[in-house]
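A.B. asks: need coordinates for the following:
(2 chains)
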Amino acid sequence: MKRAGYVVLSFIVITLLLKGCVNIDTPEPPRRQTETSKVEEIINFPPDDKNVTINGVDYLQSQAPVGKFGGTLTASTIGEGPKTFNPFNSKDNISTLMSEIMYDGLLTTHPVTGQPIPKLAKDFTVNGNDYIIHLRKGIKWSDGKPITADDVVFTWQNIIFDGFGNTSVRDSIVVDGKLPTVRKIDDYTVEFKTPEPFAPFIRMLSNPIAPKHIFMPAVQKGKGYFDTFLSTNTPPEKFVTSGAFRLKEYVPAQRVVFERNPDYYMINTKDEKLPYLDKLVYLIVGDINNEVLKFEGGELDVIGLQGANVARFKEQEKHSDFTVYNLGPNTGTMFLSVNLNNRKNDEGKYNVELKKQRWFQDINFRQAVDYAIDRKNMVLNIANGLGAPLFTAESLNSIFLNKDLKPYERDIEKSKELLKKSGYRWDKKGHLLDRYGNHVEFDLYTNAGNTEREAIGVMVKQDLEDLGMKVNFKPIEFNSLVNKLVNTLDWDMVIMGLTGSPLEPNGGKNVWMSNGTLHMFNQRPANYTKDDRYSWEKEIDECYTRGALATDFETRKKFYDKYQAIAYEEKPFVYIYSPLVITAIRNKFKNVFPTSLGGVTHNIEEIYINSSPLAGEDARKAGEGS
Amino acid sequence: MQILIYILKRILQSIPLLIIVSIISFFIIRLSPVDPLAELRLNPSVSQETLENETRRLGLDKPIIVQYGKWAKSFLKGDLGITSNGEQVSTKLKERIPNTLLLTTIVIFLTWLAGIPLGVLAALRWKTPLDRMLTVLTSIGMAIPSFFFAVLLLIFAVKTGWFPVGGLTSSNFLEMPFTAQVLDITHHLVLPVTVLFTISLAGLQRQMRANLLDVLDSDYVKFARAKGLSEFDVIYKHALRNAINPMITLLGFEFAGLLSGAALTEYVFQYPGLGRLILEAVLKSDINLVMASLMMGAIMLILGNLIADILLIITDPRIRVRA
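C.D. replies: This is a model prediction of the structure:
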C-alpha cells in the first residue's frame, strides 16, 4: 500500500515537471505568405555623401538626418571568431569583416547602385587603363600621423604586389602574367596603371590601406613574420587604423568590441564628426539557434533570419521593438550540375561511364531535366517561401544580371517532348530508356549535413522520377564531395551552391572559363593543354576574356549578358533558387537604410539611437508580455 | 621511498601508452577523408598557386609517417605547433583552459560537497521517505541528457530575462569595478553549473549510498555494533572509511574530466572553454590542435588515475602492504 503511494507520488511529481516543459499546441491560423516587396521601394534614401573642406581638411559629409551621439550596437558573428586582425591575412568572412571596420579602402561600393564611390579617396578618374586617385588632405591615422600617397603606394607595391599575406587580391589582378603598376604623383595623388584595360581592377581599390610606418617593419621581416603580424593576440592599443571604429577589446570565443574613432573624416550636415555610436560590439556565437535566443533575450540588436524563424519574427514584429527587413535574394546560387566530362583518367578509364556521357552531353537531356524541376515548389517547401527561383548564372541582385532571360514554370510535357527528340522512350513500367535500350539511372550527390541541399536533393529526385529516370540520391561528407568534384571527377550530378559577387562577374572566371580550377561541369586536370572545348565553352571563354578587358559598363554588360544567355540555353548548371536575405534590427536605431547590396549596417557611421533607455525597456517588456 | 618507486614505475609504464595513443589518433585523423583545404578548393577566387602553398605550409605534401615524425619531434620538445590559421596552439589552449577549469572545478567542488553527505544520509535513512525522494530526484538527474537540460535552461533564461543567454562575461565587463566583475561571472556561471551539477551529483550520490550500504551490511560493522561501540563511531570511524575507497578512484576520473568533461554543455551555453575550440578543430581537421587536445586528455587521465592510486595508498593500509 505504502509502495503504491510512492509510485503515485513520483508519478504526480514527474507529470508536474513535464507539464512545465510542454507547450500545448493550439491550432494556428494558416500563415499568410510573408510580404516580399523589396526594401528599396519603401525606404527614402538620403542624397549621396558630399566632399566638404573645412580648415584644409577634406571631410566626407553624410546627408542623412542629424542624429544623437552615444550608445552601442550589438551584432553577432557565427563561428569561432576572427582569426586575425591583419586585413591582408584574412581568409575567412569574419576576419575580413573585422578588418573592414578597422581599415578603410580608397573606394567603396554605392549601397544602391553598386557603382564604385570614393571613401578614403576624395575622388578618382579612370581613363582606359589609367587610374588617378586623389586623397583627402588633412585626415589622419588613429595615432595622429597623416594618411598620404606613401601609405597607398606602400600597401599596393610592398604588400599586395609582393605577395604578402593572402594573395587572392594579387591573383585576381594578374593579366597575362603582368601586374598593374602604382606610382606616387604627389603627396595626395596616386596613379595606378594596368598592363591592359582591365575592368575588375576598380573593385580592388576598395582593399584596405595600411599605415606604412606600422607595416613597414613587419614587411622587412619577411613573409613568415607577416603571417603572424597583428594576430588576434596583439593588444588593441597597438593597432593604428583609419576606420570609423577602432579595436577596443577582443575576448576569444566571446566578443569583439570596437569603440568610436573620435577623429574620423566623416561629418554630418551640422559638421559634427561621425560616427554617432560609441561602441560597436560583435558577439561571437557558435550557432544560429543561440543567436536567435540572444536576440530574443535582448542581447543582440541586429540578426540575420532564416527559415521558420522569419515567419515567427514577422508575427511578433507588430508588438515588438524590432523591424524585419527583406533585403531581396542574396548572392548565393543553388544549382544542380551535370558532369559533362568526356576524358579518361590516369588509368585509362572514362571519368564518366560512356552511356552516361551520351545522356549528359545531350542538350535535350539537360533541358528536359531543367523543365522537370519544380523550383516554385522547392522555394515554398524548403525555403519556407523565402527564396526566388533562379534561372541565370549571375545572382538576382547582380548589377550584370541579364534581365531578358525569362523565368518559366515546370513543364513535364515539354521535358518528355525533348527526350523523345533524342530517341528516349519509356518501357511498360514507365522507366526511361535511351535509344540503345539502357535504363537511365545515375547518382546525385550533395554534401551531407547541409539540410537545405539534402531537401533539394530529395525533391530533385522526385521531380526527375516523374520522367522515369532512376536517381540514386547520395549525400556524402563535404570533403569527400570536394574530392570527387576536384580530383577524381567520378560523379554524375551534384547539388552545390556557390557565392558570387553581385558587382563583378569576373570573380566567376574560375568556374566558367574552361581552364578554371572550379570548372566543375567539365573539370580539366591542371596543366591540360589539349583543346577539347565544346563550342559553347569557347564562346563563354571569349565572353569572359573580353568582358574583363573592356572598361565601360555598357560594353562589359553585353559580354556578360551573352555568357548568361549561353548558360541559360546549354544548362551545364540547372539553377534552382536564391535564398532571400531577411534581417531584423531594433527600432531604436535610426538612419537605417537597408539595401540588397549593403545589408542593414552598411552606413554604420550614420546610424544612431533615438530613445531614452526607459522607452527601450518598456518596448522590450511589451514584447515579452505578448 | 616505496611510494616514490611506485610512482616512477607508473610514469614509465604510461610512456608506451601515450605513444600508442598518439599514433592511433594521428593516423585516424589523417586517414579520415577530411581535407583541411576543402573549403579553399571550393572558393572560386582561390588560385592553384595559393592551394599549393597552403598544402606545403601544412605539410600535407609529405607521407603520413613523416608528418607524424615531425609532430612527435616537436611535441617532445614541448612545442605544440601551430593551428591551420598560423596561431600557436599553446596560446590558443591557454586562452581557453582557465575558463574550462573555472567551470569544472566549481562543479566538482559543489558536487562533492553535496553528493557525499547526501549519499551518506540516504544510506543511513535507507528506505525512508527521504531516501526515496533523493532516489527519484537523482533518477531524473541521471536520465536527463545534459544538452537537453541545457537547452531548457537557456529557454528559461530567455523567457524570464533573469540570466544571460550563454557566454562568460557581459560586453561592458572591462569597465566594471572588481566586485561587479565577480558578480557578472557568477551570474553567467549559474546556468552551466546547474546543468553539470545536477547531472554529476546524481551519479556521485548514488555511488556513495551504495558503497555505504554495502559496508553497513558487512560482518565487521555488525561486530563493531555487537561490541557496543557508539553508532557514531561505527559509522564515521569504521564504515565510512571503508566506503570512501571507491570514491577516491572516482575522483581520479573526475580529474581526467576537468578539461574535457563539460564540452557538450559548454557548446550549448556558448561558453568560451575548450569544448568549442576542439569541436571546430576536429571538424576542420586542424591536426596540431586536435592532437594537443587528445594528448592533454590522455595525460590527464593517466595523471588522474595515478593520483587516485596514491591517495588510496595513503588512506587504505591494506593496499600499502600489498604494494
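
A.B. asks: now B:Ser171, nearest residue through space, not along the chain?
C.D. replies: Spatial nearest neighbour of B:Ser171, chain neighbours left out: A:Val281 (4.8 Å); criterion: CB to CB, 6 or more residues apart in numbering or on different chains. The way it works is simple: take the backbone N, C-alpha and C, and place the C-beta from them, glycine included.

A.B. asks: and the one you found, how many neighbours?
C.D. replies: Residues within reach of A:Val281, counting by other CB atoms under 10 Å in any protein chain shown, total 22.

A.B. asks: what about A:Asp561, distance to A:His602?
C.D. replies: Plainly put, A:Asp561 is 27 Å away from A:His602 if you go by CB to CB, to the nearest Å.

A.B. asks: which residues touch B:Gly261?
C.D. replies: If a contact means CB atoms under 8 Å, 6 or more residues apart in numbering or on different chains, then B:Gly261 has B:Thr104, B:Leu196, B:Glu254 as its contacts.

A.B. asks: dihedrals phi and psi, it?
C.D. replies: phi -70, psi -20 (degrees, to the nearest 10).

A.B. asks: can you tell me how far the nearest residue to B:Gln67 once chain neighbours are set aside is from B:Leu294?
C.D. replies: Distances taken as CB to CB, 6+ apart place B:Gly59 nearest to B:Gln67, at 5.5 Å, with adjacent residues excluded. When distance is defined by CB to CB, B:Gly59 is 18 Å away from B:Leu294.

A.B. asks: pull the contacting residues for the residue lying closest to A:Asp287 once chain neighbours are set aside.
C.D. replies: Of all residues not flanking A:Asp287 in the chain, A:Ile78 sits nearest, at 6.6 Å (CB to CB, 6+ apart). A:Ile78 makes contacts with A:Val285, A:Gly286, A:Asp287, A:Ile288, A:Glu291, as judged by CB under 8 Å, 6+ apart.

A.B. asks: ok but A:Arg246 is inside a strand, no?
C.D. replies: Yes - A:Arg246: assigned to a strand according to DSSP: H, G, I helix; E, B strand; the rest coil.

A.B. asks: wouldn't it be in contact with A:Phe239 here?
C.D. replies: Yes - the pair A:Arg246 and A:Phe239 qualifies as a contact (CB atoms under 8 Å) at a distance of 6.5 Å.

A.B. asks: between the two, what contacts are shared?
C.D. replies: A:Met102, A:Ser142.

A.B. asks: what packs against the helix or strand containing B:Ile19?
C.D. replies: Assigned by DSSP states H and E, B:Ile19 falls within helix B:2-31. Other helices and strands packing on helix B:2-31, by 3 or more CB pairs under 8 Å, 6 or more residues apart in numbering or on different chains; DSSP states H and E, are helix B:64-76, helix B:287-315.

A.B. asks: what mean pLDDT does the last one get?
C.D. replies: In this model, helix B:287-315 carries a mean pLDDT of 87.

A.B. asks: what's the angle from that helix to helix B:2-31?
C.D. replies: 160 degrees (axes from the mean of the first three to the mean of the last three CA atoms, to 10 degrees).

A.B. asks: tell me the helices and strands packed up against helix B:287-315.
C.D. replies: helix B:2-31, helix B:64-76, helix B:89-124, helix B:245-260, helix B:274-283, helix B:317-322.

A.B. asks: can you do 6 Å?
C.D. replies: helix B:2-31, helix B:89-124, helix B:245-260, helix B:274-283, helix B:317-322 (3 or more CB pairs under 6 Å, 6 or more residues apart in numbering or on different chains; DSSP states H and E).

A.B. asks: returning to what we had before: more neighbours: B:Gly59 and B:Leu294, which one.
C.D. replies: Each of B:Gly59 and B:Leu294 has its neighbours counted (other CB under 10 Å); B:Leu294 has more, 20 against 14.

A.B. asks: quick check: that one touching B:Ile24?
C.D. replies: No - using CB atoms under 6 Å, B:Leu294 makes no contact with B:Ile24, being 9.4 Å away.

A.B. asks: what sits against the closest residue to chain A within chain B?
C.D. replies: With CB to the nearest CB as the measure, B:Pro272 is the residue of chain B nearest to chain A, at 3.6 Å. Applying CB atoms under 6 Å, 6 or more residues apart in numbering or on different chains, we find B:Pro272 in contact with A:Ala253, A:Gln254, B:Asn99, B:Leu168.

A.B. asks: what about it, which SS state?
C.D. replies: At B:Pro272 the chain is in coil, as set by three-state DSSP.

A.B. asks: any idea how far it is from B:Arg96?
C.D. replies: 7 Å.

A.B. asks: what sits closest to the residue of chain A with the smallest separation from chain B if chain neighbours are left out?
C.D. replies: For chain A and chain B, the shortest gap (CB to the nearest CB) falls at A:Ala253, measuring 3.6 Å. Nearest non-adjacent residue to A:Ala253, counting by CB to CB, 6+ apart: B:Pro272, 3.6 Å away.

A.B. asks: now do B:Ser139
C.D. replies: B:Ala202 (7.5 Å).

A.B. asks: residue contacts, that neighbour?
C.D. replies: Taking CB under 6 Å, 6+ apart, one finds B:Thr138, B:Gly141, B:Met142 in contact with B:Ala202.

A.B. asks: can you tell me which of the residues you listed are buried?
C.D. replies: Neighbour-count burial (16 or more other CB atoms under 10 Å in any protein chain shown) applied to the contacts of B:Ala202 gives B:Thr138, B:Gly141.

A.B. asks: will you turn the contacts of B:Ala202 into JSON lines that also has pLDDT?
C.D. replies: Below are the contacts of B:Ala202 laid out as JSON lines (pLDDT from 0 to 100):
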{"residue": "B:Thr138", "pLDDT": "89"}
{"residue": "B:Gly141", "pLDDT": "86"}
{"residue": "B:Met142", "pLDDT": "87"}
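
A.B. asks: out of the contacts of B:Ala202, which is nearest to B:Val268?
C.D. replies: Lowest distance from B:Val268 to these (CB to CB) belongs to B:Gly141, with 17.0 Å.

A.B. asks: elements contacting the helix or strand the closest one falls within?
C.D. replies: Here B:Gly141 is covered by helix B:129-143, with elements defined by DSSP H and E. Other helices and strands packing on helix B:129-143, by 3+ CB pairs under 6 Å, 6+ apart, are helix B:178-216.

A.B. asks: beyond the helix it packs on, next helix or strand please.
C.D. replies: Assignment by DSSP H and E places the next element after helix B:178-216 at helix B:219-226.
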